[in-house]
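Visitor: Coordinates for the following, if possible.
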Amino acid sequence: MKIGLYGYQGAGATTLFNALTGLEAQTGYGGGKGVNKGIVKVPDPRIDRLAEIYRPKRTVYAEMLFMDFPPPPPGTTGLTNVDEARRMDMLALVVKGFTDEATGEKSDPALQLEELLGEMVLTDQDQFERYVQRRKKMKKDPSLAMQDAAVEKALAHLEQGLSLRTLEWSEDELRALRSFAPLTVKPALVAVNVDEDEVGSELPPEVHELAARHGLEVFKLSARVEEEISRLEPDEQREFLEDMGLDEPLSARFIRAAFSLMDLISFFTVGEDEVRAWPIPRGTNAKAAAGAIHSDLERGFIRAEVFHYDDLMAAGGDENEVKKQGKLRLEGKDYIVKDGDILHIRFNV
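Guide: This next block holds a predicted model:
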């Protein structure tokens, strides 16, 4: 899963990136610095427990790739690294809600969010308008009828200044738009970067209203403090988090919010060689879940042996006891995988 961090200069996107990844990237302007990239393991105590039971040669957590896109140089407009941003699974829009140390002025996160969303709407609109101009120079092509209709629908919505994620789309329409990878159709959350003493306070209602109008979730944090906490030893981390009224570090909270927004679940594969978590969209069937492991497993799928993590724990971590209790099932390709399922795939290619 790939998450892109977008924010104007001084909003704290790189500080947030450092807090999430534990890296020490430096801020910079678009064109003068590449994209910062960092991989974070998705914390899951179930994986830890399964590793204790099976004692595998290796334990593999689900991972998230964070990409911190540099802001445009001061005095310029537009978004940087748009092509890379289009390849993200999700976007995090970082806006400044803290007091500027140099001026002592409090930033307006709603105003900054409105500007950033406006840039994204215009970026998508420009892409679709260029497509329409190209199509006018081409012969009629019935095979592009769905794509043409989807583009027309998208443009009508964007011209109202609205994000495409707030429209209802059929599966066929989404497939037709896939090659465009519009920014405003992607799942996204607003990361409002506030002063340390405001983490527990309410954000201005305008932020929530604007986010709702564009189909966004809101996530509040103090990136500078979270970056400092991320560099502490675990015991010290817990102490600081308790002082802030938080239960866990930013990376865990942010990843959970991302999983929820993307509507992802995790299933597991277990054995002496490897214990591994596999994130998939909720509602994925067993055959497609097998494909997340390897395309051969999906192509040659026969059956899936399925039991649940909770049933394994109830059986004292003994897989044979799970079988004796009748909690291990053989499921076909249409079985909808549940969060916490443990799968053994039977296949033949």
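Visitor: number of nearby residues for Val337?
Guide: 26 (other Cβ atoms under 10 Å). Backbone N, C-alpha and C define where each C-beta goes, glycine included.
Visitor: quick one, what contacts it?
Guide: Val337 is in contact with Ile265, Phe267, Ile280, Thr284, Asn285, Ala286, Ala289, Val306, Leu343, counting by Cβ atoms under 8 Å, 6 or more residues apart in numbering.
Visitor: Does Thr15 touch Glu227 like I think?
Guide: Yes. Taking contacts as Cβ atoms under 8 Å, Thr15 lies within contact range of Glu227: 5.2 Å.
Visitor: Looking at the two, which one has more neighbours?
Guide: Using other Cβ under 10 Å as the criterion, Thr15 and Glu227 rank with Thr15 on top: 23 against 20.
Visitor: Am I right that the more buried one is in a helix?
Guide: Yes. Assessed by DSSP: H, G, I helix; E, B strand; the rest coil, Thr15 belongs to a helix.
Visitor: May I have the residues that are in contact with it?
Guide: Thr27, Asn193, Ala223, Arg224, Glu227.
Visitor: Make TSV from those and add distance to Arg86 to it.
Guide: Compiled in TSV, the contacts of Thr15 are given as follows (distance: Cβ to Cβ, whole Å):
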residue	distance to Arg86
Thr27	23
Asn193	24
Ala223	25
Arg224	30
Glu227	28
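Visitor: pretty sure Glu196 is touching Val225, no?
Guide: Yes. Contact criterion Cβ under 8 Å: Glu196 and Val225 qualify, at 4.7 Å.
Visitor: ok, for Gln112, nearest residue in space, not its chain neighbours?
Guide: Nearest residue to Gln112 in three dimensions, chain neighbours excluded: Val95, at 4.4 Å (Cβ to Cβ, 6 or more residues apart in numbering).
Visitor: and the nearest residue to His208 once chain neighbours are set aside, what element?
Guide: Counting by Cβ to Cβ, 6+ apart, His208 lies nearest to Val218, which is 6.0 Å off, once chain neighbours are set aside. Per DSSP states H and E: Val218 is located in strand 217-221.
Visitor: helices or strands up against that strand?
Guide: Counting by 3 or more Cβ pairs under 8 Å, 6 or more residues apart in numbering; DSSP states H and E, the packing neighbours recorded for strand 217-221 are strand 188-194, helix 205-213, helix 250-262.
Visitor: Compute the inter-axis angle for that strand and helix 205-213.
Guide: Relative orientation of strand 217-221 versus helix 205-213 (axes from the mean of the first three to the mean of the last three Cα atoms, to 10 degrees): 140 degrees.
Visitor: quick one: contacts of the helix or strand following strand 217-221?
Guide: Moving toward the C-terminus from strand 217-221, the next helix or strand (DSSP H and E) is helix 223-230. The contact list for helix 223-230 (Cβ under 8 Å, 6+ apart) reads 12, 15-16, 18-20, 22, 94, 98, 191, 193, 196, 199, 237, 240-241, 244, 249-251.
Visitor: again, only using 7 Å
Guide: Outside helix 223-230, the residues that touch it by Cβ atoms under 7 Å, 6 or more residues apart in numbering are 12, 15-16, 18-19, 22, 193, 196, 237, 240-241, 249-250.
Visitor: cool, stretch 285-305 as well?
Guide: 267, 269, 278, 280, 328, 330-337, 343-349.
Visitor: go on, stretch 189-201?
Guide: 11-12, 16, 92-99, 109, 113, 203, 207, 211, 216-223, 225, 244-245, 257, 261.
Visitor: Surely Leu177 touches Ala150?
Guide: Yes. Using Cβ atoms under 7 Å, Leu177 is in contact with Ala150, at 5.3 Å.
Visitor: Mind giving me the packing neighbours of the worst-scoring helix or strand of the chain on mean pLDDT?
Guide: When each helix and strand of the chain is scored by mean pLDDT, DSSP states H and E, helix 234-243 comes last, with a mean of 82. Helix 234-243 is packed against helix 223-230, with contacts defined by 3 or more Cβ pairs under 7 Å, 6 or more residues apart in numbering; DSSP states H and E.
Visitor: Can you show me the CA trace of the helix it packs on as CSV?
Guide: Provided in CSV are the C-alpha atoms of helix 223-230 (Å, rounded to 0.1, in the frame of the first residue of the first chain):
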residue,chain,number,x,y,z
ALA,A,223,4.0,16.4,13.8
ARG,A,224,6.9,18.1,15.6
VAL,A,225,6.2,16.4,18.9
GLU,A,226,5.4,13.1,17.3
GLU,A,227,8.7,13.2,15.4
GLU,A,228,10.5,13.8,18.8
ILE,A,229,8.6,10.9,20.4
SER,A,230,9.5,8.6,17.5
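Visitor: Rounded mean pLDDT for that helix, please.
Guide: For helix 223-230, mean pLDDT rounds to 88.
Visitor: Flag every buried residue along that helix.
Guide: Ala223, Arg224, Val225, Glu226, Glu227, Ile229, Ser230 (16 or more other Cβ atoms under 10 Å).
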